[in-house]
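**Student:** Sharing a sequence plus its predicted fold:
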Amino acid sequence: MLRGNHPLLQSRLAFRCMDNQSRSVSLLQNDEEIKTREQNLEKAKSKYQLEQKTFKLTEDQRNQVSLVDVPPLIRTLPREETRSIISQIKFLGTGAFYKIYQWIYGRGTWKIQDMINHFKTSRVLSKPKKPMGYEVWTKEAVDDNKQTPLQRTQADHWFAWQRLNGVTRNLIKRVHNVPQQFVSSLDNIQENHPYLDGLTLSEHAENGTLYTVDLTDVNMGEDKPAAPIALFAVWKSKFLMPVAINIDANIPNTEVFKPSTLGTAEDVRSWVNARMWFNMVDAQFHESITHLGLTHMLMDGVSVCMHRNISDRHPIYKLLLPHFQYMHIINKNAQDDLIEQGGFVDEDMYCGHIHMLKLIARHNKNWMYPANASIHASLNSREANDIPGYFFRDDALRLHRAIRQFVSEYASHYYRNSDLKVRDDQEIQAFREELVRPRSMNEGGGCGMNGIPDFDNIQNLVDVLTNFIYICSVEHSATNYPQYDQYAFPPNMAATLHDKPDRSALNLDHAMPTGSEMFSAILVMKILSLVLTNSLGNYKSSYFKSMDNEGRSFVRNFQKNLAVIQEEINQRNAAIIASNEESDVQEYPYEWLLPEKVLNSISI
């Protein structure tokens, strides 16, 4: 008689477990247990329901925001969506620790030198990593009379690098004419400009080397924040460099600022000030649109629709589920602590929660799947495929290609390469129907996603699934995880600045956030930098085991492709460092899309 720990018995049990799991993966039309499947799906529909949130706004505030245009979210949080005990301890413990830190140090006003000294001497607070703003500010001696022309050029390159590889990387676009906001200042901009290579702006536009980042719509016609737009050009055929900043383009004939490698610190202070204000407005766009609106909120509804319409026995459910881990609970945390009245956005960001929700509503209303869900479409529409130093683009395309190959192999296998099987899949068709169904403040609304293609063939389904997984993993990780390194040192990228841009300012300290505001931002960014889920393709055992043998084989192939990408990015970064010369402007490596740093889901 075989005992329970006998190897042969263990082997039989393992085989039986695998066999049961294999039978639990099936399309609706192939399922032998339809009744059980339907009953379980009805239970899921009772737990997962869409709702257009009101965010505790007054009636007047609701009308200002146009709440029906904000992405819908899950109504109530099911028990299945809570964090593990260990993850919750990390989440709450980090928040409590940095809240105490804020209480101890976050008092009074802080000058820039005070901030530098604190990061240098703190045994607890880590300095923002290389190559981030704190390192640039101190190494390049910004706002210091000892700053050399090369240091000024390097600091300007960092500002341009942020447009390509910072937290907001999807706005820069080529222009074929000089934007109207700079026309009246053409002569001033072009005179002795350090980064135009002797060309006029019109010549750069004709050559295809003139670019812009336009943040004017962040203002939404209100007094604040400012409405900046910046010009950039390719310099020496290998670096993107800033050309000029119009810090408030909504004001006619407002002054335009440009860089200079000559003069004293006081002579270029107005330019440094313009860079700071531009980055601060970029922060409002980043947290509202790039981060909260078009990753967290947008994907929340997709997850709800999946749970409501696709059985947990469906192979596509098993494909998507790891990419939604912990998303609903962090979105509830955001509603309760960040964007409620008197929360972080109100107290410690420049725009306030009403303004943020208005921005989200506007951009979500205009969101179109063909133009906005695909990294390829974004790059093509912005004519950004050949900007030098756009490492986010290069790495994002690598990862998108790997995700698409994985999804294509996976879906093609389960649908047996049959478009008809996709069309006949009632669960997948119901999933799409709720995605595109118009949003409503009443019961029964959908996500209102514009432009989702018909699921009438495998190709369309693969495209949509690929882009959803890309947004949850690659796009969110590139948006979220550099936050502490970007925001912790306010002169680099402040969540808020005081007053308005003022050329007459004798120093830069007058605009700095208070100690409380600075350490509040650090608290939030430390929490949002927590790693609570596995890296891309490395699914935790419960997800992996729920697949059948074929599904697991596709995951292993995906992991092999990601390992190749990891090595390619490491080699690229090593080559960048090796080619940098002390006597010239240095390029910065980009590490945020190393597959080991990209997480599966919007978990934080």
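**Tutor:** Great, that's in hand.

**Student:** Averaged pLDDT, stretch 128-145. What do you get?
**Tutor:** What stretch 128-145 shows for mean pLDDT is 86.

**Student:** swap in stretch 166-181?
**Tutor:** For stretch 166-181, mean pLDDT is 96.

**Student:** ok, and for it, which residues are buried?
**Tutor:** Going by neighbour count (16 or more other C-beta atoms under 10 Å), the buried part of stretch 166-181 is 166-175, 178-179, 181. (Each C-beta comes from the backbone N, C-alpha and C, glycine too.)

**Student:** What of stretch 450-467?
**Tutor:** Those would be 450, 452, 455, 457-458, 460-467, for stretch 450-467 by 16+ other C-beta under 10 Å.

**Student:** How about stretch 438-449?
**Tutor:** Those would be 439, 445-449, for stretch 438-449 by 16+ other C-beta under 10 Å.

**Student:** And for stretch 550-565?
**Tutor:** By neighbour count on 16+ other C-beta under 10 Å, the buried set for stretch 550-565 is 551-552, 554-555, 557-559, 561-562, 565.

**Student:** that older thread, in the buried residues of stretch 450-467, find the pair that's most separated.
**Tutor:** Largest separation among the buried residues of stretch 450-467 by C-beta to C-beta: 450 and 458, giving 22.5 Å.

**Student:** Would you tell me which one of the buried residues of stretch 166-181 comes nearest to residue 101?
**Tutor:** Of the buried residues of stretch 166-181, the one sitting nearest to residue 101 (C-beta to C-beta) turns out to be residue 167, at 22.8 Å.

**Student:** Helix, strand, or coil at the residue nearest to the spatial centre of the chain?
**Tutor:** Computing the C-alpha centroid of the chain and ranking residues by C-alpha atoms, centre = their mean puts residue 479 first, at 2.5 Å. Under the three-state scheme (DSSP: H, G, I helix; E, B strand; the rest coil), residue 479 adopts helix.

**Student:** That one touches residue 295, doesn't it?
**Tutor:** Yes. Counting by C-beta atoms under 8 Å, residue 479 does reach residue 295; the two are 6.1 Å apart.

**Student:** Scan this protein for its longest helix.
**Tutor:** helix 549-579 (DSSP state H).

**Student:** quick one: average confidence on that helix?
**Tutor:** Taken as a whole, helix 549-579 has a mean pLDDT of 97.

**Student:** Okay, now the unreliable bits of this structure?
**Tutor:** Counting by pLDDT under 70, the chain shows low-confidence ranges at 1-23, 130-131, 225, 502-506.

**Student:** if you set the cut-off to 90 instead, what comes out?
**Tutor:** Along the chain, segments meeting pLDDT under 90 span 1-24, 32, 63, 123-133, 219-226, 248-255, 499-507.

**Student:** Start from the N-terminal end of it and give the strands.
**Tutor:** Secondary structure of the chain (DSSP state E): strands at 50-51, 73-74, 173-174, 210-214, 229-235, 239-246, 256-257.

**Student:** what sits up against the second one?
**Tutor:** Strand 73-74 is touched from outside by 48-51, 53, 81, 297, 300-301, 303-304, 328, 331-332, 335, with contacts defined as C-beta atoms under 8 Å, 6 or more residues apart in numbering.

**Student:** try 6 Å
**Tutor:** Residues outside strand 73-74 that contact it (C-beta atoms under 6 Å, 6 or more residues apart in numbering): 53, 300, 304, 328.

**Student:** again, but for the first one
**Tutor:** Contacts made with strand 50-51 from outside it, assessed by C-beta under 6 Å, 6+ apart, are listed as 72, 75, 304.

**Student:** rerun at 10 Å
**Tutor:** 71-76, 300-301, 304-305, 308, 434, 437, 439-441, 443-447 (C-beta atoms under 10 Å, 6 or more residues apart in numbering).

**Student:** Strand partners (parallel or antiparallel) of that strand?
**Tutor:** Partners of strand 50-51 in the sheet, by DSSP bridges, are strand 73-74 (antiparallel).

**Student:** Quick check: neighbours shared by residue 479 and residue 295?
**Tutor:** Going by C-beta under 10 Å, 6+ apart, residues that sit against residue 479 and also against residue 295 are 289, 471, 602.

**Student:** So the first one sits against residue 358, correct?
**Tutor:** No. In terms of C-beta atoms under 10 Å, residue 289 does not count as a neighbour of residue 358; the distance is 11.2 Å.

**Student:** quick one: which of the two has more around it?
**Tutor:** Set side by side, residue 289 and residue 358 show more neighbours around residue 289, with 24 against 21, by other C-beta atoms under 10 Å.

**Student:** How about residue 377, nearest residue that isn't a chain neighbour?
**Tutor:** Once flanking residues are discounted, residue 377 sits nearest to residue 371: 5.3 Å by C-beta to C-beta, 6 or more residues apart in numbering.

**Student:** what's the one you found in contact with, if anything?
**Tutor:** 377-378, 380-381, 450-451.

**Student:** helices and strands around the longest helix of the chain, which ones?
**Tutor:** Under the contact criterion of 3 or more C-beta pairs under 10 Å, 6 or more residues apart in numbering; DSSP states H and E, helix 549-579 touches helix 7-23, helix 315-320, helix 391-414, helix 541-546.

**Student:** of the buried residues of stretch 450-467, closest to residue 232?
**Tutor:** residue 467 (27.8 Å).

**Student:** and the residue nearest to residue 402 when sequence neighbours are not counted, what does it touch?
**Tutor:** Nearest non-adjacent residue to residue 402, counting by C-beta to C-beta, 6+ apart: residue 561, 4.5 Å away. The contact partners of residue 561, taken as C-beta under 10 Å, 6+ apart, are 398-399, 401-403, 405-406, 537, 595.

**Student:** How much space separates residue 561 from residue 408?
**Tutor:** Noted for residue 561: a distance of 12 Å to residue 408, by C-beta to C-beta, to the nearest Å.

**Student:** tell me, what's touching these two both at once?
**Tutor:** Between them, residue 561 and residue 408 share no contacting residue, judged by C-beta under 10 Å, 6+ apart.

**Student:** how near is the closest residue to residue 473 other than its chain neighbours to residue 480?
**Tutor:** The shortest distance from residue 473 to any residue other than its chain neighbours is 5.1 Å, reached at residue 536 (C-beta to C-beta, 6+ apart). According to C-beta to C-beta, residue 536 stands 14 Å off from residue 480.

**Student:** Over to residue 364?
**Tutor:** Residue 364 sits at a distance of 19 Å from residue 480 (criterion: C-beta to C-beta).

**Student:** Residue 378 touches residue 170, doesn't it?
**Tutor:** Yes. The criterion here is C-beta under 10 Å, and residue 378 meets it with residue 170 at 5.6 Å.

**Student:** Between these two, which contacts overlap?
**Tutor:** 372, 384, 393, 396.

**Student:** how about those residues in CSV, adding distance to residue 260 and neighbour count?
**Tutor:** Formatted as CSV, these follow (distance: C-beta to C-beta, whole Å; neighbours: other C-beta atoms under 10 Å):
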residue, distance to residue 260, neighbour count
372, 38, 21
384, 27, 19
393, 30, 23
396, 34, 23
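
**Student:** Pull the most distant pair out of the residues you listed.
**Tutor:** Across the shared contacts of residue 378 and residue 170 (C-beta to C-beta), the longest gap, 16.1 Å, separates 372 and 393.

**Student:** Contact partners for residue 585?
**Tutor:** With contact set as C-beta under 10 Å, 6+ apart, residue 585 has these partners: 150, 153-154, 156-158, 235-236, 238-239, 241.

**Student:** go with 7 Å
**Tutor:** Residues near residue 585 by C-beta atoms under 7 Å, 6 or more residues apart in numbering: 153-154, 157, 239.

**Student:** hmm, back to that, which ones among the buried residues of stretch 438-449 are found in helices?
**Tutor:** Using DSSP H, the subset of the buried residues of stretch 438-449 located in helices is empty.
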